[in-house]
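Undergrad: Attaching a predicted model along with its sequence, questions to come.
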There are 2 protein chains.
Amino acid sequence: MTRAPYHHGNLREALVEAAVEVVREAGPEGLALRELARRVGVSHAAAYRHFADREALVDAVAERAMDALLAVVHDRLAAVDETEPVARARRRLVQIGVGYVDFAVAEPGLFRLLFTAYPDPPEGKDPDGEDPYSMLNAALDELVAVGYLDPRDRPGAEVTCWSAVHGFSVLNVEGPLRGMAAPDRDAALTSLLLGIDRGLGRRGEWPALTR
Amino acid sequence: MTRAPYHHGNLREALVEAAVEVVREAGPEGLALRELARRVGVSHAAAYRHFADREALVDAVAERAMDALLAVVHDRLAAVDETEPVARARRRLVQIGVGYVDFAVAEPGLFRLLFTAYPDPPEGKDPDGEDPYSMLNAALDELVAVGYLDPRDRPGAEVTCWSAVHGFSVLNVEGPLRGMAAPDRDAALTSLLLGIDRGLGRRGEWPALTR
DNA sequence: AGTGAATGTTGACGGCGGTAACATCAGGGT
DNA sequence: ACCCTGATGTTACCGCCGTCAACATTCACT
């Protein structure tokens, strides 16, 4: 007859996991410390032994979300088997965008949370610490290296790419494009990514990419 | 000796105005029915005679925000004095983007609220009802008409443009680019808008635009 | 065995959105 | 002139939330 132990044993972890679950189902605004505690079977104030406040918990979830986003993008990148250098670099850039949007659409709750608590990386030192922003920059540098992207166009390119892909994600996840059917969305995304690819390339010197 | 009248007289209007004020100062999440009522000098339940719930009030604010955004974009558009048709059409498209971002940066609270309660217009009938989306479409149609944009590239172009500009706004307003200094932001935006312009144009056939 | 730190519980406070019951007032029909 | 009805506002209440303080239990180390 073992009654419920006074100490949970792994409360912090359990809370974060429950939080991730809630956010996936109900979005960031559905995340409540008290309900979480209830779910995990612990009193409402117990969470404060592990998190300073609600925001700290949100940050922890954001970390998980970031890892998940990273994994998706990473896999997409790894799946590019093209060998011709220029085509490969272009394809890799496209795949970053595809992975980013895929994650946003597949996990809207986590995606939204991620951008209400973003660990502002652009300033962060952390050389080649893997985040989507670094991956994007690396892909663009590669485009310069293979001669596709004019070095003079390199500055600002990362912001342009990120803006386009992020905007597309946001409009689809919580914006006016919310209801779009998957095939339409795919078509629009393809058009967007090819548009970027074309906008970056030296004018008219390269064959088109078919996503 | 006139004591405070039992009836406010124009409560709905007063509430919306106070709400706009609060959102500008504290963002959408700072908007509380009760505080609003306090501000206007009325009991907290009075608001429910004019709004079904909090969300209805938010929608009313969103309408104001949309009007404001519209006005900014409209003015930018009207200020284009270029007469050469192609350059004019390209400049007009760019100015839509500039106006959009300007509004987002100048009124982050209203901008954010607008996109947590967007009146999904893409489906909406309302022929040529003036909203940014229609303006964008009109500008792109014009680009086709003057021969700058290949008709085959027209479908999807509006989503691409909107995504890029919206994404840039979001990243600057609530995202990781939040802290960017104004000159840097301007430079990045210019690069983004020129990139779009270039991506849309028939390859290599047109002179560059200097924003 | 004993003690201090870590972890969990109970109970309270104030703020929120929302509802119901009651109060006040304005305007129209007689 | 009167009254009644609907619109508008008020008070009081509910349950939810985040947060804190005081107290309880247990773990780990001496």
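TA: Perfect, thanks for sending it. Residues are numbered from 1 along each chain as shown, chains lettered A, B, ... in the order given.

Undergrad: Please see if the longest helix along chain A touches DNA strand D.
TA: The helix spanning the most residues in chain A, taking DSSP state H as the definition, is helix A:54-78. Yes - residues of helix A:54-78 contacting DNA strand D under C-beta under 7 Å from any atom of the strand: A:54-55. Just so you know, the C-beta spots here come from the backbone N, C-alpha and C atoms, and that holds for glycine as well.

Undergrad: list the buried ones in that helix?
TA: By 16 or more other C-beta atoms under 10 Å in any protein chain shown, the buried positions in helix A:54-78 come out as A:57-58, A:60-62, A:64-66, A:68-70, A:72-73, A:76-77.

Undergrad: what's the following helix or strand after that helix?
TA: Per DSSP states H and E, helix A:54-78 leads on to helix A:85-106 as the next helix or strand towards the C-terminus.

Undergrad: so what's the residue nearest the centre of chain A closest to, chain neighbours aside?
TA: In chain A, the centroid-proximal residue (C-alpha atoms, centre = their mean) is A:Leu69; its distance is 3.8 Å. Nearest-residue entry for A:Leu69: A:Phe103, 4.8 Å, with adjacent residues in sequence omitted and distances by C-beta to C-beta, 6 or more residues apart in numbering or on different chains.

Undergrad: same deal with A:Val86?
TA: Once flanking residues are discounted, A:Val86 sits nearest to A:Val146: 4.8 Å by C-beta to C-beta, 6+ apart.

Undergrad: what does A:Ala157 give?
TA: A:Leu140 (5.2 Å).

Undergrad: A:Val42 now?
TA: Spatial nearest neighbour of A:Val42, chain neighbours left out: A:His8 (5.8 Å); criterion: C-beta to C-beta, 6+ apart.

Undergrad: Thought A:Ala18 was touching the one you found, still the case?
TA: No - A:His8 is beyond contact range of A:Ala18, at 11.8 Å (criterion: C-beta atoms under 8 Å).

Undergrad: Need the residues touching each of these two.
TA: Listed as contacting both A:His8 and A:Ala18 by C-beta atoms under 8 Å, 6 or more residues apart in numbering or on different chains are A:Val40.

Undergrad: picking that back up, for the residue nearest to A:Val42, what are its contacts?
TA: Contacts of A:His8 (C-beta under 8 Å, 6+ apart): A:14, A:40-42, A:46.

Undergrad: possible to save these as a markdown table with neighbour count, secondary structure and pLDDT?
TA: Formatted as a markdown table, those follow (neighbours: other C-beta atoms under 10 Å in any protein chain shown; DSSP: H, G, I helix; E, B strand; the rest coil; pLDDT from 0 to 100):
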| residue | neighbour count | secondary structure | pLDDT |
| --- | --- | --- | --- |
| A:Ala14 | 17 | helix | 97 |
| A:Val40 | 18 | helix | 97 |
| A:Gly41 | 11 | coil | 96 |
| A:Val42 | 18 | coil | 97 |
| A:Ala46 | 17 | helix | 97 |
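
Undergrad: Name the nearest of those residues relative to A:Gly195.
TA: The nearest member of those to A:Gly195, counting by C-beta to C-beta, is A:Ala14 at 45.2 Å.

Undergrad: Which residue, other than its chain neighbours, is closest to the closest one?
TA: Counting by C-beta to C-beta, 6+ apart, A:Ala14 lies nearest to A:Val40, which is 4.9 Å off, once chain neighbours are set aside.

Undergrad: what does chain A have sitting close to DNA strand D?
TA: A:5-7, A:31-35, A:44-45, A:48, A:52-55.

Undergrad: give me every residue that touches the residue nearest to A:Val86.
TA: Counting by C-beta under 8 Å, 6+ apart, A:Val146 makes contact with A:85-86, A:88-89.

Undergrad: Is A:Pro28 in contact with A:Pro108, as I believe?
TA: No - between A:Pro28 and A:Pro108 there is no contact under C-beta under 8 Å: 10.2 Å.

Undergrad: Settle it for me: which of the two has more neighbours?
TA: Neighbours per residue (other C-beta atoms under 10 Å in any protein chain shown) separate A:Pro28 from A:Pro108, with A:Pro28 holding more: 21 against 18.

Undergrad: Spit out the contact partners of the more buried one.
TA: A:58, A:109, A:112-113, A:116.

Undergrad: Dump those into JSON lines; add distance to A:Leu194 and secondary structure as well.
TA: Converted to JSON lines, the contacts of A:Pro28 look like this (distance: C-beta to C-beta, whole Å; DSSP: H, G, I helix; E, B strand; the rest coil):
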{"residue": "A:Val58", "distance to A:Leu194": "36", "secondary structure": "helix"}
{"residue": "A:Gly109", "distance to A:Leu194": "29", "secondary structure": "helix"}
{"residue": "A:Arg112", "distance to A:Leu194": "27", "secondary structure": "helix"}
{"residue": "A:Leu113", "distance to A:Leu194": "30", "secondary structure": "helix"}
{"residue": "A:Thr116", "distance to A:Leu194": "31", "secondary structure": "coil"}
